[in-house]
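**Q** What follows is a predicted structure for the sequence shown.
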Amino acid sequence: ALYMGNRTTLKVSSNVSVVMEQMIRLLHYVGLPPEDVDMIHCSGHSMGEVLERAQPKMTQFTGSSGVAELLTKTLEGRIRVEDAGFDWKVLGPDVPTTDGSVAYVAGVCDQDAYACSGQKCSAQSILIAHVNWLETDLLEMMKSRAAQRSLDDLTVGPVLSHTTENLLEHVTKLLKLPGSHLLFGGKELDPNTHNVPACYGAIEPTAVFVPLQSILSSADATRLCTKEIFGPMQVVTSFKDGELNDVLTLLASMDAKLTAAVVSSDPHFLHDVLSQTENGTTYAGLRARTTGAPQNHWFGPAGDPRAAGIGSPGAILSTWSCHREIIHDALLSENDQPPPIS
C-alpha cells in the first residue's frame with residue numbers, strides 16, 4: 001500500500017499487535033515518515049465500526065472467510081481478500097528411486113506443515129499420497145523430523161488462535177472417522193517443561209491418517225477433514241490407481257483456494273491435476289511445496305474477483321492501484337478546424 005503511494009491505516013490481530021507496532025517503529029527508524037502510516041490497536045468489532053464510518057477507498061483483509069464476507073457487504077465491495085487457506089499437496093504415483101529424493105520430499109512436507117507451528121496461510125493442511133509413497137519411509141521420515149521440533153528453539157511454539165483443548169478435540173473428532181489412526185503427535189507439549197498460557201495452544205506436531213473414502217463418506221466428514229486449523233496439524237490420506245477422480249472431487253470441494261502442490265515428474269499426471277484444479281499459487285514437480293509464495297510469488301486465492309495478492313510486483317499493483325488514463329490533447333494549430341457536425 002505504501003509502495004503505491006497510499007496513506008495507510010493498519011490494524012492487525014490483537015495477539016500480535018505489539019509486534020507490528022515495533023515493526024512500524026523500525027520503519028520510522030530507517031526513514032519512513034511518521035505521518036505515512038496510522039496504526040490502531042483495537043478489537044475486530046471496533047475496527048469494523050471504524051471502517052463502516054470511514055468507508056475507505058480500498059481495504060485489504062487477511063483473515064477468516066466469514067469476516068471477509070461481512071466486510072464485503074459493509075464496504076460495498078471495496079475490498080481485496082486474502083482469506084483462509086486449507087492448502088493441499090498431492091504426491092503422484094511416480095516415486096523417485098533414491099532415498100535422498102524421498103527424504104527431500106519428507107523434509108519439505110514437514111516444513112510446509114509445521115514451520116511457524118503451522119500458523120501460516122500457506123501451511124500444508126492435507127497430504128494426499130499415492131499408495132506407492134506409503135511403501136517408502138516417507139511417513140517415518142516425517143515423524144522423525146517432527147520429533148526433532150522443540151519449544152527450546154521455537155521450531156514448535158504456542159498456537160495463538162486455538163487452545164490446547166480445542167486442538168486435541170479436533171484430533172479426537174478425526175480419529176472417530178472409520179479407518180483413521182494417529183500417525184504422530186496428538187499430545188500436549190510436555191506440561192512439565194512448557195509454560196504456554198492456557199488461552200493458547202501447545203501441542204506436538206500432529207498428523208492424522210484418514211482413508212480417502214472416509215473423508216468423502218459424507219458432507220460432514222469432508223467438512224471436518226478440510227477445516228483449516230491454524231496450528232501444527234495436518235490430515236494425511238492416500239489414493240490408488242483409478243482413484244484420481246475421487247481426489248479431484250475432494251479438491252474441488254474445498255473453498256479456500258490459496259496454495260497447493262503436486263509432487264510428480266510425470267507430465268501426464270501433472271496435467272491431469274493442474275488442469276482440473278484452481279489455486280492462487282500451485283507448485284509442481286518433485287521440489288513442489290505449499291509454502292514460498294509470500295516471499296517469491298503471487299500469494300492470493302483463485303476464483304474470487306476480490307482476490308488480494310501479496311508479495312510480487314504484480315500483486316502489489318493489482319491490490320493497491322487502479323487503472324486510470326489521462327489523455328493530454330492540448331496543442332491547437334492555426335489550421336485546426338472544428339469537428340464536422342455528425
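**A** Perfect, thanks for sending it.

**Q** Please make it C-alpha for all contacts and neighbour counts, starting now.
**A** Noted.

**Q** mind checking the end-to-end distance for stretch 181-189?
**A** Counting by C-alpha to C-alpha, to the nearest Å, you get 20 Å between the two ends of stretch 181-189.

**Q** which SS state does the spatially most central residue of the chain fall under?
**A** Most central residue of the chain, judged by C-alpha distance to the mean C-alpha position with C-alpha atoms, centre = their mean, is C121 at 2.3 Å. Taken by DSSP: H, G, I helix; E, B strand; the rest coil, the conformation at C121 corresponds to coil.

**Q** who are the neighbours in contact with the residue lying closest to it once chain neighbours are set aside?
**A** Of all residues not flanking C121 in the chain, G85 sits nearest, at 5.0 Å (C-alpha to C-alpha, 6 or more residues apart in numbering). Each residue near G85 by C-alpha atoms under 8 Å, 6 or more residues apart in numbering is listed here: 121-123, 228, 256-259.

**Q** Need the worst-confidence member of those residues.
**A** The lowest pLDDT within these belongs to A256, with 73.

**Q** so what secondary structure elements neighbour the host helix or strand of A103?
**A** Of the helices and strands defined by DSSP states H and E, A103 is found in helix 99-114. Secondary structure elements in contact with helix 99-114, counted by 3 or more C-alpha pairs under 8 Å, 6 or more residues apart in numbering; DSSP states H and E, are strand 124-130, helix 138-147, strand 233-239.

**Q** Send over the second one as PDB, restricted to the C-alpha atoms.
**A** Okay, so that is helix 138-147. Output for helix 138-147, consisting of C-alpha atoms alone and laid out as PDB, is shown next (Å, rounded to 0.1, in the frame of the first residue of the first chain):
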ATOM      1  CA  LEU A 138       8.200 -41.100   3.800                       C
ATOM      2  CA  LEU A 139       5.900 -41.200   6.800                       C
ATOM      3  CA  GLU A 140       8.600 -42.400   9.200                       C
ATOM      4  CA  MET A 141      10.900 -39.600   7.900                       C
ATOM      5  CA  MET A 142       8.200 -37.100   8.500                       C
ATOM      6  CA  LYS A 143       7.600 -38.400  12.000                       C
ATOM      7  CA  SER A 144      11.300 -38.300  12.800                       C
ATOM      8  CA  ARG A 145      11.700 -34.700  11.700                       C
ATOM      9  CA  ALA A 146       8.600 -33.700  13.600                       C
ATOM     10  CA  ALA A 147      10.000 -35.300  16.700                       C
END
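
**Q** and that helix, which residues are buried?
**A** Judged by neighbour count (16 or more other C-alpha atoms under 10 Å), helix 138-147 contains these buried residues: 138-139, 141-143, 145-146.

**Q** now, the most widely separated pair of those residues?
**A** Of all pairs drawn from those, the one with the largest separation by C-alpha to C-alpha is L138 and A146; the distance is 12.3 Å.

**Q** The nearest residue to D266 once chain neighbours are set aside: neighbouring residues, count only.
**A** In this structure, D266 finds its nearest non-sequential neighbour in D94, 6.8 Å apart by C-alpha to C-alpha, 6+ apart. Neighbours of D94 under the rule other C-alpha atoms under 10 Å: 15.
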